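**Q** When you get a sec, could you give me coordinates for this:
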Amino acid sequence: MAQNKREAILKAAMELFGELGYDGTTMPMIADRAKVGAGTIYRYFENKETLVNLLFQDCVVTFSEVLQHGLPQNNQDLQEQFHHLFSRMVEFARNKASALNFIDSHANSHILDDTSKSIFNDFMDHIRSYLENGKKYNIIIDMPSDALISIVYGAFSYLYRLIRNGQLKETPELLQNVEECCWKAISKSSEN
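**A** Modelled structure (predicted):
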């Protein structure tokens, strides 16, 4: 029963932090959504800051594991690796929509502790490494990696926000077209 309460608190907190942000979410709101007493939260989490950091770390680690799972190791077939990463981002967005929203809304939060920042930087370093490898093989446009990430991830994140809000319908054709557009936006093959 205790594990169920803890999981209910984590789920409620992730949803509320994603919807309302850190400052807009209170512990009583989390308790209400989790259907537990307000004091119950403090049996599991020292305070709201601890809760948001544990959630952030868990979401980022899970997202990283999803992206890395089955990643093709051929360092010169960057488009195949890009397809894998894009497909895995789609899978994460479908299966962990609240986690994706939570990461997006807290990645640059002032409330993140050093551990959260380190885990997020490690996650971003994996993506930067992929892009740097593409630049080395003259496949990816020579721009700062963070700018390239913003082009692809920014488009992806906004796309899934529109899908979640019902403004766009997710279809295989839409996802394929967005993936192709993102690849063309960062690859040198589109320069010719």
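**Q** Just give the nearest non-adjacent residue to residue 156, would you?
**A** The spatial neighbour of residue 156 that comes closest, neighbours along the chain excluded (CB to CB, 6 or more residues apart in numbering), is residue 89 at 5.7 Å. For every residue, glycine as well, the C-beta is placed using N, CA and C.
**Q** correct me, but the one you found touches residue 64?
**A** No - in this structure, residue 89 is not within contact of residue 64 by CB atoms under 8 Å, at 11.4 Å.
**Q** out of the two, which sits in the busier spot?
**A** Each of residue 89 and residue 64 had its neighbours counted (other CB atoms under 10 Å), and the higher figure belongs to residue 89 (21 against 18).
**Q** Where does the prediction get shaky in this structure?
**A** Across the chain, the stretches falling below the confidence threshold (pLDDT under 70) are 1-2, 75-76, 190-192.
**Q** Please report the distance of residue 73 from residue 23.
**A** Using CB to CB, to the nearest Å, residue 73 is found at 43 Å from residue 23.
**Q** Residue 159 reaches residue 178, doesn't it?
**A** Yes - the pair residue 159 / residue 178 is scored as a contact, 5.8 Å apart, by CB under 8 Å.
**Q** on that earlier part again, please say which of residue 73 and residue 23 ends up with more neighbours.
**A** Between residue 73 and residue 23, counted using other CB under 10 Å, residue 23 has the larger neighbour count: 11 against 7.
**Q** Can I take it that that one is in a helix?
**A** Yes - residue state for residue 23 (DSSP: H, G, I helix; E, B strand; the rest coil) corresponds to a helix.
**Q** Strands of the protein, residue ranges please.
**A** Using DSSP state E, no strands are found in the chain.
**Q** Spell out which residues make up each domain of it.
**A** 1-45, 49-191 (automatic domain parsing).
**Q** Output stretch 179-186 as CSV, restricted to C-alpha atoms.
**A** Output for stretch 179-186, consisting of C-alpha atoms alone and laid out as CSV, is shown next (Å, rounded to 0.1, in the frame of the first residue of the first chain):
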residue,chain,number,x,y,z
GLU,A,179,11.2,13.6,-39.2
GLU,A,180,12.3,14.3,-42.8
CYS,A,181,12.0,18.1,-42.3
CYS,A,182,14.0,17.9,-39.1
TRP,A,183,16.7,15.8,-40.8
LYS,A,184,16.9,18.2,-43.7
ALA,A,185,17.2,21.1,-41.3
ILE,A,186,20.4,19.8,-39.7
